[in-house]
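Participant: coordinates only, sequence not included:
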């Protein structure tokens, strides 16, 4: 009997030892400067937006000669991210770039992290209270929403009913996008904006919402999906309903979205610059660790991608990756 | 003060012994159900082996991440992060002891959190400075909501004879949907400051209140399961429901009580979650039910009922968290954590089955 339990322990050891697929980047230059340890806590692991951000962060980390570890929960959920944040604090890196899943619920754990002497930088989302952070780096999501509204209005001929498919209230980024969208639509009196629908970052929910809205509003002209997961769900919903007249604007330009754009399922993509956010995140954190001046707020660029400009070299850098290689 | 003569001292000792006698009687009865000496009995339990596994894991992670894993900070936050799950898992232990299962716990928790938060926000004014009366009302509402869903589960399982898997799957959907309707899909983020302070506060500045509370729930649960008639009936029903019925146990009523208890504990866990996160975390709790069941099973409770241990559940709750924290500290890719927890779950149950079969054979 003891042997079986030893085998159980042994297997865990093996699993731990064999997990050499860690996402740690070692510095590749013999720089005499101290090799700081940084950790990037993604909002959710596996999302092309955050994968691209990690790619940018890793590239910048290699350039600056610092170590970078990337981690994140497997769901966009504050209750899942809290243990991740606590464990990263226990690991005590020198600096952490984090995208909090909730602007209020994670205040205590992140404050503890900062109190422990770790430099905290917000990337993409942030807390309501940013006083203890080195810097907050995000897309100008308000401008993104405005750009989405203008592009969609153009695509649907400036009249008709439009639907907004959002993630959850309380996420700083998507809230700003919706606000920008709704504010801009006030300038378009012939467009009716339906009540915002929430999907909890679940593409299946987005699909169901799209098909139900189509059934209830056959004259639906346009849809605005506020992130990658929602965009995927909306595209699937339109496909299911066999609809080809509804124009969709989606936030984020993941590989699947580019495919959909080229296939004509989605008509416009508002791309952020997650690679740039990752780069800036590492830069700001290293500046803080060196004791140099940092910038409190950095807003990165957006681009509106349509079938016409998707192959432009200047647009290529805005496309998200599913893996860094 | 009157002098303490030997006679008076003897009388006091006798008075205390008389009052403690029923408790001693119960302990003797409990001990007599297990053969052998205390040490041999303890080592023979599954809980002992799972505890060894937990200690082994902690030692391994301490070796791999010296000075980072076994720090006061990390042990404290790990305990804090399992406290809500432990409360749910204690309720789940009782349900699984009857041979049933409760899949609705995560969303009953969500629903109770929403109703509790809404009641505390009643009147539309900012509840941040509300007093203890509002907070206590919130607690009562959370417990009541959980209790209501638990009773519903119990009625459907006991009276309507719907299999527990299906019954609680149904209440899972209903409580989730109702929670979404009541909250309009939006998190309630304004709660009395007192609640947030309780969630963050510590005893002696060391042990978080939520950990103490969860530990108390576990202790009460363990005592109830092993040393009360309620616990004995629960195990009897799980072991052989028909025999229990013929022995005179009101099985239907007892099942309702057990599911009601599970629901009420989910409601209590909701209040704890509100204290820790100060929001209703509507997008969360999707996997609470499976995590609770995994913890209960790792701890040694049988899936078909009749055998259960709250001590085992407590240890079972810690193992996935230790793996989670250790892997994150070591910087391994997020998804390996999930692989490891799944593997440990299977191994732990396999080891338990082997032990059981060996014991039955001998």
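Facilitator: In hand now; what should we look at? Bear in mind the structure is a predicted one, so any value in this text is a computation, not a measurement.

Participant: roughly how far out does stretch B:210-217 sit from the chain middle?
Facilitator: 10 Å (CA atoms, centre = their mean, to the nearest Å).

Participant: before we move on, what about stretch A:154-168?
Facilitator: Centroid displacement of stretch A:154-168 relative to its chain, using CA atoms, centre = their mean, is 22 Å.

Participant: Who are the contact partners of the closest residue to residue B:277 other than its chain neighbours?
Facilitator: In this structure, residue B:277 finds its nearest non-sequential neighbour in residue A:105, 4.0 Å apart by CB to CB, 6 or more residues apart in numbering or on different chains. C-beta: built from backbone N, CA, C; applies to glycine. The contact partners of residue A:105, by CB atoms under 8 Å, 6 or more residues apart in numbering or on different chains, come to A:78, A:82, B:277-279, B:281.

Participant: Secondary structure element for residue A:105, which one?
Facilitator: If you go by DSSP states H and E, residue A:105 is not part of any helix or strand.

Participant: any idea how far it lies from residue A:281?
Facilitator: Shown here: residue A:105 relative to residue A:281, a distance of 22 Å by CB to CB, to the nearest Å.

Participant: can you check residue A:67 too?
Facilitator: Counting by CB to CB - residue A:67 and residue A:281 are separated by 15 Å.

Participant: buried residues in stretch B:92-109?
Facilitator: Buried positions in stretch B:92-109, judged by neighbour count with 16 or more other CB atoms under 10 Å in any protein chain shown: B:92-109.

Participant: How about stretch A:110-118?
Facilitator: By 16+ other CB under 10 Å, the buried positions in stretch A:110-118 come out as A:110-114, A:118.

Participant: and for that stretch, what are the contacting residues?
Facilitator: By CB under 8 Å, 6+ apart, stretch A:110-118 touches A:85-86, A:88-89, A:92-96, A:98, A:100, A:120, A:127, A:132-133, B:73.

Participant: Whichever of those residues end up buried, select them in ChimeraX.
Facilitator: Per 16+ other CB under 10 Å, the buried members of those correspond to this ChimeraX selection:
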select /A:85,86,88,89,92,93,94,95,96,98,100,120,127,133
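
Participant: So which of the contacts of stretch A:110-118 is the closest to residue A:323?
Facilitator: Closest to residue A:323 out of these is residue A:98 (21.9 Å), distances taken as CB to CB.

Participant: Show me what that closest one bridges to in the sheet.
Facilitator: residue A:41, residue A:122 (DSSP bridges).

Participant: The stretch 51-200 of chain A: strands as residue ranges?
Facilitator: A:67-72, A:95-98, A:119-123, A:135-139, A:160-166, A:191-193, A:197-198 (DSSP state E, counting those that start in this stretch).

Participant: strand partners of the longest one, parallel vs antiparallel please.
Facilitator: Just to be clear, that refers to strand A:160-166. strand A:191-193 (parallel), strand A:197-198 (parallel), strand A:220-225 (parallel).

Participant: for the first one, the distance to its chain's centre please.
Facilitator: Translated: strand A:191-193. Centre-to-centre, strand A:191-193 and its host chain are 27 Å apart (CA atoms, centre = their mean).
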